[in-house]
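> Structure for the following, please:
(one chain, ligands or ions: 1)
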Amino acid sequence: MKSSIANLQRAIYLVWQSSPRWTVVGFGLLLIQGILPLGQLYLMKRLIDTLTLGVSGATPETLQAALLWIGLIGLVSLLGDGCSALSKLTQTVQTEAVSDRVHSLLHTKSIQVDLQYYENTDYYNTLHRAQEQATYRPQMVLASLLQVGQSGLSLLGILALLSSLNCTVPLLLSIATIPGILMRVRYTGKAYGRVSSWTESERQSDYFHTLLTTEPHAKEIRLFDLGSLFSQWFQTLRTKIRREKIYLATQQSRIDLITNGSATLAVCVAGGITAHQTIQGAITLGGFVMYYQAFGRGQGFLRELLTNLIGLYENSLFLQDFYQFLDLKPTIVEPEDPKPLSPSWETGIRLENVSFNYAHSQRSVLKNINLTIEPGEVVAIVGANGAGKTTLIKLLCRLYQPTTGTITLDGVDLGNYSITDLHRQISVLFQDYIHYQLTVKENIWLGDIEVEPDSERIWAAAHKAGAHPTIDRLPHGLDTRLGNWFEQGEELSIGQWQKIALARTFLRDARLVILDEPTSALDPQAEAEVFARFRQLVRGRTAIIISHRLSTIKMVDRILVLSDGQLAESGSHEELMQQQGLYARLFTTQAQHYQL
Ligand code: ADP
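This next block holds a predicted model:
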């Protein structure tokens, strides 16, 4: 309950922050709309009483008075119409503003959270629900809250009016609503549990939908004839979700029927009581119409009031996921008192007894690694698939924290440097680099957004990566949009994309350059060109290169051989060949292969 109230408070504050002015307008409209029904009932009573008098003996004044009441009723109705039109507009504006703000919060958090969250199913389920629900739920909280205020206000007036007739009538009004309310409260908790339980299935079905409808998968799906299989899997999941949804909708209808039925019954009983008093002459005909309508409306307001109160509870449950996501605390955070990072490294990087296992896994992916990388040294990491090479790189970039052991730079633990400062000194090309559906220039510029977007350095980086012939052939050169997601985009081959990504890496004037299989998609000539200039490209910087191409590895200062998460060997090509260990075996196998 406490957390529900806290969630509601946060949601209201969020709506307020998103559009304060419209929130005030909404509040003003609420007050007016809350009072209008009472005014309408009163005017209707006056009109009927005037007409009743007119029937017994019409005078010109009676007609005038009747017309006046009719005019006033019309005016009040017009005012009501104006208010509801403005309310709709207010709600649309607020919904948009809230949705934009929620997205901005989700984006900020998505960047902040540790990389390890992205490897966790719970994270995706929570994020999925947060994304689905959070764009409209805060606005619903406010709408429900305003509605609670409006219905409450109208109800108070009506109850006061009904009390003047008879005390049992307001009591009847309240009692008739109770069964429906209790059922709704039970239903809401159940519904939340059910919706949460199908999140995983919904995500899986979204996944098959993406496989079936997006370009990167189109080739394989056609060639392996997987379309109908995936479509069938999608249908199976959707059928399961649909059944759940239909079950909930049925429950909802059952509750609505009981709630509305008991209300109608109560209105009939109240009608009987009022009719009895009219016949006895205790109230006028106008009074009968007023009370009878007041009872019906009162029922409506009470139902609205309670429905919205339950709505608040329901929204608070769903907002739980959103706030749970926003409250995720990253473990890799900026230090309180960051140490300055020297622009020229002095003693370099040192790993001491570093071990690492991914969250939610007991397996050690890196085991007790000890090594030093000197400033300006060019190092290669080799090893079989899954040996832990990329993981080691991710630790060096401080995307993860070692499970045990320390990584220092110039003798200071990486955790004591500002993350931004540290990242500014590192430039990485991962194997799964991004194909930005942007212009060539932007694709390169994103490597260092501190550089002017039109800087000559962009073209220079393209040269370094050997991407210039590709760019020259594009219709608008550097200004050509890449990829085929958007209009006038030019799709590149994988090798050409890799050169652009390499240019992005070279743009950054970083102390440490890390290349993870940087030439895997390049043709032999392009690869040879990149490596011919590689030493020159990284001169004065520390460089780490992961590669399976042993021919390119020969030119580095030192080779580190990883085997099953352990540092098995370390030394120059000649030293490792002499040792006749793992590296020598790898090299000889590959050399034989190429001689064939
Ligand atoms: P390499 O780069 O040498 O091929 P990786 O560092 O990518 O190897 O992976 C090392 C091991 O860690 C592999 O066994 C892999 O299954 C595991 N691994 C890699 N990434 C993750 C992850 N995000 N979550 C859990 N395990 C992972």
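> what's the closest non-adjacent residue to the closest residue to the ligand within the stretch 1-150 of the chain?
Of all residues in the stretch 1-150 of the chain, Glu119 sits closest to the ligand, at 4.2 Å by C-beta to the nearest ligand atom. For every residue, glycine as well, the C-beta is placed using N, CA and C. Residue nearest to Glu119 in three dimensions, not counting chain neighbours: Tyr358, with 6.3 Å by C-beta to C-beta, 6 or more residues apart in numbering.
> wait, doesn't that neighbour sit right on Leu115?
No: using C-beta atoms under 8 Å, Tyr358 makes no contact with Leu115, being 9.9 Å away.
> Could you name every residue contacting both of the two?
Residues touching both Tyr358 and Leu115 (C-beta atoms under 8 Å, 6 or more residues apart in numbering): none.
> about what we covered before: state the number of residues packed around the residue nearest to Glu119.
When neighbours are counted by other C-beta atoms under 10 Å, Tyr358 registers 16.
> now Gln525
9.
> So for the nearest residue in space to Phe356 that is not next to it in sequence, what's the pLDDT?
Leaving out its chain neighbours, the residue that sits closest to Phe356 by C-beta to C-beta, 6+ apart is Leu366, at 4.3 Å. Looking at Leu366, its pLDDT reads 96.
> Next, give phi and psi for Leu366.
Backbone torsions for Leu366, taken as degrees, to the nearest 10, come to phi -120, psi 140.
> got it, and Trp345?
Torsion angles, degrees, to the nearest 10, at Trp345: phi -70, psi 150.
> Contact partners for Pro538?
You called it Pro, but residue 538 is Val. So Val538 contacts Val378, Val513 (C-beta under 8 Å, 6+ apart).
> do Leu43 as well
Here Leu43 is in contact with Trp69, Leu72, Ile73, Val76 (C-beta under 8 Å, 6+ apart).
> how does it look with 10 Å?
Leu68, Trp69, Ile70, Gly71, Leu72, Ile73, Gly74, Leu75, Val76, Ser77, Met290 (C-beta atoms under 10 Å, 6 or more residues apart in numbering).
> how many other residues sit next to the third one?
What that stands for is Ile70. Residues near Ile70, counting by other C-beta under 10 Å: 15.
> Which of the helices or strands spans it?
helix 60-112 (DSSP states H and E).
> quick one: average confidence on that helix?
88.
> hang on, isn't the residue of the stretch 1-150 of the chain closest to the ligand packed against Asn357?
No: contact criterion C-beta atoms under 10 Å: Glu119 and Asn357 do not qualify, at 11.8 Å.
> out of the two, which sits in the busier spot?
Asn357 (16 against 13).
> picking up where we left off before, return the residues in contact with the residue nearest to Glu119.
Counted by C-beta under 10 Å, 6+ apart, Tyr358 has contacts Leu115, Gln116, Glu119, Asn120, Ser364, Val365, Thr391, Tyr400, Thr403.
> so of these, which ones are in strands?
Judged by DSSP state E, the subset of the contacts of Tyr358 located in strands is empty.
> ok, now which ones touch the closest residue to the ligand within the stretch 201-350 of the chain?
Going by C-beta to the nearest ligand atom, the ligand is nearest to Ile332 of the stretch 201-350 of the chain, at 14.9 Å. Contact partners of Ile332, counting by C-beta under 10 Å, 6+ apart, are Gln112, Val113, Asp114, Leu115, Gln116, Arg398, Leu399, Tyr400, Gln401, Leu414, Gly415, Ile419.
> I'd like the distance between the closest residue in space to the fifth one that isn't next to it in sequence and Glu200.
The one in question is Gln116. Distances taken as C-beta to C-beta, 6+ apart put Ala359 closest to Gln116, at 4.5 Å, once the chain neighbours are dropped. Distance of Ala359 to Glu200, given as C-beta to C-beta, to the nearest Å: 19 Å.
> Same question for Leu156.
Applying C-beta to C-beta to Leu156 and Glu200 gives a distance of 46 Å.
> After the helix or strand harbouring Gly272, heading C-terminal, what element do we hit next?
Element membership for Gly272, per DSSP H and E: helix 227-279. Sequence order places helix 285-326 as the next helix or strand after helix 227-279, per DSSP H and E.
> what are the pairing partners of the next helix or strand after that next one, and which direction each?
Sequence-wise, the next helix or strand downstream of helix 285-326 (DSSP H and E) is strand 349-356. Pairing partners of strand 349-356, with direction, according to DSSP bridges: strand 366-373 (antiparallel), strand 404-409 (antiparallel).
> Where does the stretch 401-550 of the chain get nearest to the ligand, residue-wise?
Closest point on the stretch 401-550 of the chain to the ligand, by C-beta to the nearest ligand atom, is Ile546, at 6.8 Å.
> what about that residue, how many neighbours?
Residues lying near Ile546 (other C-beta under 10 Å) number 26.
> Quickly list what it is bridged to.
Ile381, Asp516.
> right, and it touches Lys394 too?
No: in terms of C-beta under 10 Å, Ile546 does not count as a neighbour of Lys394; the distance is 11.7 Å.
> Now for the two: what residues contact both?
Phe430, Ile514, Asp516.
> Take the residues you listed and lay them out in TSV including pLDDT and distance to Leu53.
Putting the shared contacts of Ile546 and Lys394 into TSV (pLDDT from 0 to 100; distance: C-beta to C-beta, whole Å) gives the following:
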residue	pLDDT	distance to Leu53
Phe430	89	88
Ile514	94	94
Asp516	89	93
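> Also near the ligand: which of those residues, exactly?
Subset of those in contact with the ligand: empty, counting by C-beta under 6 Å from any ligand atom.
> Let me have those in a markdown table, extended by neighbour count and distance to Ile279.
Converted to a markdown table, the shared contacts of Ile546 and Lys394 look like this (neighbours: other C-beta atoms under 10 Å; distance: C-beta to C-beta, whole Å):
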| residue | neighbour count | distance to Ile279 |
| --- | --- | --- |
| Phe430 | 18 | 86 |
| Ile514 | 24 | 93 |
| Asp516 | 20 | 91 |
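> Which single one of those is nearest to Leu38?
Lowest distance from Leu38 to the shared contacts of Ile546 and Lys394 (C-beta to C-beta) belongs to Phe430, with 66.8 Å.
> so who does the closest one touch?
Applying C-beta under 10 Å, 6+ apart, the residues near Phe430 are Thr390, Ile393, Lys394, Cys397, Ala501, Thr505, Ile514, Leu515, Asp516, Glu517, Pro518, Ile546.
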